[in-house]
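Peer 1: Sequence and predicted structure, then a few things I'm wondering about:
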Amino acid sequence: MKLFDVYPLFDVNIVKGKGCHVWDDKGQEYLDLYGGHAVISIGHAHPHYVEKISRQVATLGFYSNSVINRLQQELAERLGKVCGYDDYALFLINSGAEANENALKLASFYNGRTRVVSFAKAFHGRTSLAVEVTNNPKIIAPINANGHVTYLPLNDVEAMRQELAKGDVCAVIIEGIQGVGGIQLPTDEFMQALRTACTETNTVLILDEIQSGYGRSGKFFAHQYNGIQADIITCAKGIGNGFPMGAVLISPMFTPVYGQLGTTFGGNHLACAAALAVLDVIEQEHLVENAATVGAYLLEELKKFPQIKEVRGRGLMIGLEFDAPIKELRLKLLKEQHVFTGVSGTNVIRLLPPLCLSKEEAQEFLNRFRAALA
């Protein structure tokens, strides 16, 4: 059997990591400004993280209901206090796509509707709904099983109000900051109007914080910049620092019913150990505050580069838009300057470094970036 080849890979074999740096099998160091699609929140191979997972592996098999329940309860209590949603409930699963599927399911149970509103260039997972964010005409982005998804322009208040006023929308799902869509930010005005319209029409507001959450924006959730609360929040990526895990944070307006949701591996003992270790490090090393401080520095400095058409983002979630495709520039950064970056479409470089990125490491990136542009 061979692998189903859908991922293009760089010819770089990474064998070691520490903090914001990784090394290949030839001993070459790389500065990681992408963190594996934002999953590396506290840095590669953090010793506290490694120790917590190793201890759990050594002491417990898969099934031990009392231990797993205790770990899940501890995680729920810790996460509620850290993120500011202490009165919400927590449901643990395995991935961001699964988190959004469960969020949409809950919303439909709540008001009995099926139509969903999303926004242009949004991405909410490959199995629930997505918008055509690819330039490859052979790829058709999937939608939910019923096909009832309406896509609106981001930040168009009037279009959003008109759609919700029809009274048949089950849920609105929106990213705190669009990731795959090019690091686009919803405005305060739009998010506050959306919150009001959802309340008035009994529509569930789902905040997809899978990429923009967990401290990446400089607040625990990006939508907290907008001064609103969501009915459901979905998380993944940074929650486990690379360990597969997802979560749904659920408002008290929803009543849990036995059998309503289910999962096989969600909230297992290793995932919970990883997530608790991540919260330990986020709190002890003040990583949310660090993301805000270092991110602000990077944004300010990147705006000084005349080659960049536009710099967008918050915290350590940054998009650099160019007038031309960035494929060659990204390869130059990797091959010559030894920096990992990401992309959003053809013209946007996406930066999603670990939240422990220091100001000195940010300056090192700026130096290497300048050299690549030269």
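Peer 2: Thanks, I have it.

Peer 1: use CA for all of it now, contacts and neighbours both
Peer 2: OK.

Peer 1: Just the CA atoms of the top helix by length along the chain, as PDB, please.
Peer 2: Taking DSSP state H as the criterion, the chain has its longest helix at helix 65-83. Taking only C-alpha atoms (Å, rounded to 0.1, in the frame of the first residue of the first chain), the coordinates of helix 65-83 have been written out as PDB:
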ATOM      1  CA  ASN A  65     -13.400   6.000  33.500                       C
ATOM      2  CA  SER A  66     -12.600   7.500  36.900                       C
ATOM      3  CA  VAL A  67      -9.200   8.800  35.900                       C
ATOM      4  CA  ILE A  68     -10.400  10.100  32.500                       C
ATOM      5  CA  ASN A  69     -13.400  11.800  34.100                       C
ATOM      6  CA  ARG A  70     -11.200  13.500  36.700                       C
ATOM      7  CA  LEU A  71      -8.900  14.800  34.000                       C
ATOM      8  CA  GLN A  72     -11.800  16.000  31.900                       C
ATOM      9  CA  GLN A  73     -13.300  17.800  34.900                       C
ATOM     10  CA  GLU A  74     -10.000  19.400  35.800                       C
ATOM     11  CA  LEU A  75      -9.600  20.600  32.200                       C
ATOM     12  CA  ALA A  76     -13.100  22.000  32.100                       C
ATOM     13  CA  GLU A  77     -12.600  24.000  35.300                       C
ATOM     14  CA  ARG A  78      -9.100  25.300  34.300                       C
ATOM     15  CA  LEU A  79     -10.100  26.200  30.800                       C
ATOM     16  CA  GLY A  80     -13.300  28.000  31.900                       C
ATOM     17  CA  LYS A  81     -11.400  30.200  34.300                       C
ATOM     18  CA  VAL A  82      -8.500  31.000  31.800                       C
ATOM     19  CA  CYS A  83     -10.700  31.800  28.800                       C
END
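
Peer 1: quick one: buried residues of that helix?
Peer 2: 68, 71-72, 75-77, 79-80 (16 or more other C-alpha atoms under 10 Å).

Peer 1: how far out from the middle of the chain is it?
Peer 2: Here helix 65-83 is found 21 Å from its chain centre; the criterion is C-alpha atoms, centre = their mean, to the nearest Å.

Peer 1: Can you name every helix or strand that whatever helix or strand comes next after it contacts?
Peer 2: Toward the C-terminal end, the helix or strand that comes next after helix 65-83 (DSSP states H and E) is strand 89-93. Here strand 89-93 is seen to pack against strand 246-250 when contacts are counted using 3 or more C-alpha pairs under 8 Å, 6 or more residues apart in numbering; DSSP states H and E.
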